[in-house]
Structures are given as structure tokens and as C-alpha cells.
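Asks: From the sequence below, what's the structure:
(chains A and B)
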Amino acid sequence: MIRDITIGRYYDSESVIHRMDPRTKLMGVLVYIISLFLVKNVCWYIGCLIVMLVLYKAAGVPFGYLLKGLRGILLLLCFTFLFRMLYTPGDPLIQVWIFTITKQGILKAVQMTARIALMISGASLLSYTSTPKELADGLEKAFSGLEKTGIPVHEMAVIVMIAFRFIPIMLEELNVLMDAQAARGAKFEDGNILEKCKGVMTLLLPLFLLTVRRSSDLAMAMEARGYTGSGKTSRMYPLVYKKEDRAGYLAILIYISVFIIARISSLSF
Amino acid sequence: MIKIENLVHNYTIWKDENTKSEKTVLDGISLDIPSGQFVAILGPNGSGKSTLARHLNVLLLPDEGTVWIDGKNTQAKERLYEIRSRVGMVFQNPDNQIVGTSVEEDVAFGPENKNVEPEKIRRIVEDVLRKVRLWEKRKTPPSKLSGGQKQRLATADALAGLPECLVLDEPTAMLDPSSRKEVINIVKELNQKEGMTIILITHHTDEVVDADRIILMKDGKIIGDDIPKKIFADRSLLKRAKMDIPPVVELGMRLKKQKIGLDEPVLHEQEMIRKITELYRSKCGGWKDAAR
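Replies: Just a heads-up that it's a prediction; the model follows:
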């Protein structure tokens, strides 16, 4: 389960989408997610799906990666589908014991599940095509206006970047801890839910302690390298909008316009 | 480059919530390290060598005594970052000092925070990555590097601050023998080619045979300070510092005990081989006999 996390996994390739400025891509994902909430008709989701597939193709990311991203939230998707289907009132289609499946229920279920799945695959594409550093820089620059209101945007960007850096380290540490505890006879797979939770505690506690110690070491190393946490900073690769980004923004604009026009003229939503 | 006079450092230890006591980790250290010297600091755990290292990078300030880096007193708070940029620091655990999510990003982290222009950052990054031989790996995430490569990256990080002196605090303690060699070779190169002042803290005696000078520490005091040949000749001193004698030196000493004439300690394997063949030739009549 933990290995299925795709957020923060970069897929190296030389595509147009990889070359784009992270700010353009962030905007794209934001607009895409908004568009998913604008529509209600199932047919429109097929349209959104096609757009997503085209983008994956353009980015040169294999479609398998799209599914990989969804595997981690498979359980969530199943639950969403099931409960939406069973608990939406409307015209009954099938009735089994105390459960009633309604026509509206099925539509609602498909709609919600599609929304979540497409949202996640959109966000995954963002992390496949931009390195964590690019994302952090993009966020920092996009929100740099907030710095005046006292929100520490730069610090937050550094925190995001370090968090990404720590993900593989903590996974590795977790594996070592699991092996160490298993060698001493701990069982993580067997037993009822209560016992499993207890098993997880024996992992989380040392992991937490190790992480705190690691952070204190890292803080010292950063200080030794002259990090002050304040003052002006520069970038090795400063973010500049290029030709691709203008095209990207245009595409985003056209995309969202279609949805808004459709919504206003209330075409079959 | 670095001058230390009568440095004392105490740590506060909390026995329980209310009673505290002070432990003296550095007890009157005085040192003078000239520019370009390769100094090795040896000592058992708890001898205060890491604490001493942290004073050189102004991560700690003296409780008593004074530390001067390049003639500047480390107590001067307003010049802290100026002084700190003179001395680069490499720590023991490579994973705990790497910030970036790729090799080049990590090296760029220091200069970026000092607001160096992008053009110059790229130049520095290329330069230092070539020095530690990681330029080909610049796009690799640090988690995919080996231990030796990670420690070389940490060295590059320190070099990116353009220091004149590099302090390495047990950089090889978590590495396997071949990675250890990689790191130590880079350090030696930096000293010889760039003339960088090196302060190497370690407890592997075989790493320091090429140093210009060895400082032995124990219980917060300096108990020996000399060239490697002299230090390794003094067996009781090494024993007092709980240091192993490198195998080559040990062999030389045993030969000497058997009255086979090696007058001074031999520090390198190649040198030992040469000396033994010479001895054999002179005493046993050369190679022909050996072949028979």
C-alpha cells in the first residue's frame, strides 16, 4: 500500500509538458479540478478523461502510471461508489433485502468516483512531470505576493521540498524498522484490527523519534551551509515563462471556456 | 587560518528534571592550524573531537577561551555568516545533511540562499561536482546514490560555499572500505590540488597516514600533536588514546622487535614492500636465492 504512493515520484522525459513552467502546470491542474466540479452529466467525464489521456500521451508518461496512481486510493473509490449508490434516494431499480439501488444513485456514484479518480490522476501528472524542487519554486513564485501579508511563503516552499526529500528516506527507515521488529517476533499481518493497530504503534514510535533526530541534524547541516531562513534568495534555474507556457495558458483558457459556456447555456449537464 | 586559545566547552546534563550538572567536553584546547595544512584529529568516542569541529564552524561558541578563524573572533555575532562561509563542514550521516531532491539542486541550495546570481550558481555547481566526480550524476535523486557518493555530495555541498577550510566530522564512519577510500581520496586531492586546509576527524588510523599532522585527543585535552611518523612511533601514546595502529605500522614494529632493522615507522604498504625487498637483497643475497 505504502509503495503505491505516486505523489512525489518524478517520471523523467523530454516532453513539452516537462519543459513547461511549474506555475502553468499548477494552474492547469487547478482549472482541471474546477472543471470536474462544474459538470454533472456522466458524458462530460468521458470528455475529461480523454483530455487527461491526451495529456499523459503528450507528457510521454505511460498510461500504466495513471492506473498506478489510482491503486493507492482504490479502497476510497470503492467505498465512494458503494455508499453513493446505496444511499441516494430516487427511483428504485433493484431492491435486495434492506438495500435499494436507485437510478439517481448509480449516476451519482459514477459521478463522484469519476471526479475523485480524475482529480488524483491530474495531480499525479503534475508530479510526474515536475520535480519537487520545480513544484516548490512554482508555488513559491505563484504565491510570492502573499509574502507582504506576513505569510512565510519561502519557508513553506523549503519545507515542502525537504518533505519530498524525506519521503524515500522514511520509507527506507520504515522497512528497516519492520524487519527489525519482525526479527524480534512482531506480527504486523496477523490478528484482529486492535492487534494490528498495536503493531503499527511499535513502528510509528521509533520512526517518529528517528525523524525528530534527523531533523535536528539536518537543521544543523543547513545552518553550517549558511542557511539563514531570511533574506533574499536566488535560483539556479530561475522560472521564466516560455513559448510552451503561452500555448499552455491558451489551452487552459479554451478548455475552461468550453465548460463555462456549456454551463451558462445549460446544455445537457 | 585557525587559531584556538585555551578553548573550554561545557555541556549541561540533566540528571533528572531538577538537578543539572556540567560536563566539560573541551578542557583548555590550544591549537594553531596554518593555511593549506592537512590535519587529522584522532580520538576515542567522547573525547570532544566533534565538539571541537562545531566550534570551527561557529555552530557552537566557546564558554572560555577564544577561536579565531582567519583572524576573526567567532564571538562576533554580526560577522557570524561571514566567518561561517570560510569553513565548510561535512557531517557523519550523509542522509541527514542532504536537502535537495537531486544532486545539483542539493549543491545549489547553499549558494541560492546566499542570493548568488543564477549564472554563477551554475558555474559553482559544475565546478564542485566535477571536483568530487559526481557531475555525471547531477540529475540523480540522492536516495539513489551509494553511501560513498552521498558523502562526496555532502563534500560538494560544503565546497559550494567556497570555503578556504574544510572540516570533516567522521565522514567515513558509516561507509564500507571502498567508499571510505573514495571519500578520503577526494579529500586528499582537495588538499594537494586546491591547497585547501583540511581538518579530518576520524577514528580510522589508516586514513590519516598521509596527513601533515595528527592531533590526538582524549577527555577534552590534546595528548599528542605531531607528524604521523612520530605519532605512530609512540605506541603507549596511541594506546592511551585507544587508537589502533595501522597494520603496516604494526608489522614494522614487530619486525623491529625481532631486530630486523627498520629504524623508523613505515606508513605505506608500497614503502614497506620496497624496504623489505631492499633488506632481503642486502642481507640474503638477492632475488636469485629467493627463486631457488
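Asks: Report pLDDT for the residue of chain A positioned farthest from its centre.
Replies: Going by C-alpha atoms, centre = their mean, the residue of chain A most distant from its centre is A:Trp97, 38.6 Å out. On pLDDT, A:Trp97 comes in at 77.
Asks: try A:Thr24
Replies: 91.
Asks: can I assume it is in contact with A:Ala251?
Replies: No - using C-beta atoms under 8 Å, A:Thr24 makes no contact with A:Ala251, being 9.6 Å away. Where C-beta positions appear, they are placed from N, C-alpha and C, glycine not excepted.
Asks: Looking at those two, which is more packed in?
Replies: Taking neighbours as other C-beta atoms under 10 Å in any protein chain shown, A:Thr24 and A:Ala251 compare with A:Thr24 leading, 23 against 15.
Asks: and stretch B:140-156, how far out from the chain's middle?
Replies: Averaging C-alpha positions (C-alpha atoms, centre = their mean, to the nearest Å) puts stretch B:140-156 18 Å from its chain's average.
Asks: scratch that, stretch A:133-143
Replies: That offset, for stretch A:133-143, works out to 16 Å (C-alpha atoms, centre = their mean).
Asks: Ok, stretch A:202-211 next?
Replies: With C-alpha atoms, centre = their mean, you get 25 Å for stretch A:202-211.
Asks: does any part of that stretch sit near chain B?
Replies: No - figure legend: stretch A:202-211 not in contact with chain B (C-beta under 8 Å from any C-beta of the partner chain); closest approach 10.3 Å.
Asks: what mean pLDDT does that stretch have?
Replies: 88.
Asks: buried stuff in that stretch?
Replies: A:202-203, A:207, A:210 (16 or more other C-beta atoms under 10 Å in any protein chain shown).
Asks: Tell me the one among those residues nearest to A:Asp245.
Replies: The closest of the buried residues of stretch A:202-211 to A:Asp245 turns out to be A:Leu207 (C-beta to C-beta; 40.2 Å).
Asks: how far away is the closest one from chain B?
Replies: Taking C-beta to the nearest C-beta, to the nearest Å as the measure, A:Leu207 falls 14 Å from chain B.
Asks: for that residue, helix, strand, or coil?
Replies: Three-state assignment for A:Leu207 (DSSP: H, G, I helix; E, B strand; the rest coil): helix.
Asks: Do I have it right that it meets A:Leu171?
Replies: No - with contacts counted by C-beta under 8 Å, A:Leu207 stays clear of A:Leu171, the gap being 10.2 Å.
Asks: residues touching the nearest residue to B:Lys120 once chain neighbours are set aside, list them.
Replies: Spatially, and ignoring its direct neighbours in sequence, B:Lys120 is nearest to B:Pro111 (7.4 Å; C-beta to C-beta, 6 or more residues apart in numbering or on different chains). Residues in contact with B:Pro111 (C-beta atoms under 8 Å, 6 or more residues apart in numbering or on different chains) are A:234, A:236, B:120-121, B:124-125, B:160-161.
Asks: Got phi/psi on B:Lys72?
Replies: Here is the backbone geometry of B:Lys72 (degrees, to the nearest 10): phi -110, psi 130.
Asks: Quickly list what it is bridged to.
Replies: For B:Lys72, the beta-bridge partners under DSSP bridges are B:Ile69.
Asks: What is the neighbour count of it?
Replies: 14.
Asks: ok, now how distant is it from B:Arg79?
Replies: 6 Å (C-beta to C-beta, to the nearest Å).
Asks: Just the helices from the chain, written as ranges.
Replies: Went with chain A since none was named. A:16-19, A:22-38, A:42-59, A:63-71, A:74-86, A:103-129, A:132-142, A:153-183, A:193-224, A:243-264 (DSSP state H).
Asks: oops, chain B please
Replies: B:49-56, B:80-84, B:103-113, B:118-131, B:147-159, B:177-194, B:228-233, B:235-240, B:247-257, B:269-284, B:287-291.
Asks: got those helices as TSV, with mean pLDDT columns?
Replies: Output for the helices of chain B, formatted as TSV (pLDDT from 0 to 100):
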stretch	mean pLDDT
helix B:49-56	90
helix B:80-84	84
helix B:103-113	90
helix B:118-131	93
helix B:147-159	93
helix B:177-194	91
helix B:228-233	85
helix B:235-240	84
helix B:247-257	81
helix B:269-284	80
helix B:287-291	52
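Asks: What's the mean pLDDT across stretch B:260-268?
Replies: pLDDT averaged over stretch B:260-268 gives 73.
Asks: Other residues contacting that stretch?
Replies: Counting by C-beta under 8 Å, 6+ apart, B:209-210, B:228-229, B:232-233, B:246, B:248-249, B:252-253, B:255-256, B:272, B:275, B:279 sit against stretch B:260-268.
Asks: Please apply the same query to stretch A:182-193.
Replies: Against stretch A:182-193 from outside (C-beta under 8 Å, 6+ apart): A:178, A:181, A:195-196, A:199-200, A:202-203.
Asks: tell me how far the ends of it are from each other?
Replies: 18 Å (C-alpha to C-alpha, to the nearest Å).
Asks: Provide the count of other residues in contact range of A:Ile264.
Replies: 8.
Asks: oh sorry, the question was meant for A:Asp245
Replies: 19.
Asks: Out of the buried residues of stretch A:202-211, which is nearest to chain B?
Replies: A:Leu210 (10.3 Å; C-beta to the nearest C-beta).
Asks: what does the stretch 101-250 of chain B have sitting close to chain A?
Replies: Checking the stretch 101-250 of chain B against chain A by C-beta under 8 Å from any C-beta, the hits are B:101-102, B:104-105, B:108-118, B:121-122, B:125, B:139, B:141-143, B:154, B:157-158, B:160-161.
Asks: Not counting its neighbours along the chain, what's nearest B:Asp210?
Replies: B:Lys188 (6.0 Å).
Asks: Count the neighbours of the one you found for me.
Replies: B:Lys188 - counted by other C-beta under 10 Å - has 16 other residues nearby.
Asks: repeat for A:Lys198
Replies: By other C-beta under 10 Å, neighbour count at A:Lys198 equals 12.
Asks: pLDDT score for it?
Replies: Reported pLDDT for A:Lys198: 76.
Asks: ok, how many other residues are close to B:Gly110?
Replies: 27.
Asks: how about the nearest residue to it, chain neighbours excluded?
Replies: Looking at B:Gly110 with C-beta to C-beta, 6+ apart, the closest residue is A:Arg225, at 4.2 Å.
Asks: Give me every residue in chain A lying close to chain B.
Replies: So chain A meets chain B at A:10, A:12, A:131-133, A:161-162, A:164-165, A:168-169, A:172, A:214, A:217-218, A:220-228, A:231-238 (C-beta under 8 Å from any C-beta).
Asks: Show the buried residues in the residues you listed.
Replies: Of the residues of chain A next to chain B, these count as buried by 16+ other C-beta under 10 Å: A:10, A:131-133, A:161-162, A:164-165, A:168-169, A:214, A:217-218, A:220-227, A:233-236.
Asks: Can you give me the distance of A:Ala136 to B:Lys137?
Replies: 21 Å.
Asks: Tell me which of those two has more neighbours.
Replies: Per other C-beta under 10 Å, whichever of A:Ala136 and B:Lys137 has more neighbours is A:Ala136, with 24 against 19.
Asks: right, and that one touches A:Val158 too?
Replies: Yes - taking C-beta under 8 Å as the definition, A:Ala136 is a contact partner of A:Val158 at 7.4 Å.
Asks: which residues are in contact with both of those two?
Replies: Common neighbours of A:Ala136 and A:Val158 (C-beta under 8 Å, 6+ apart) do not exist.
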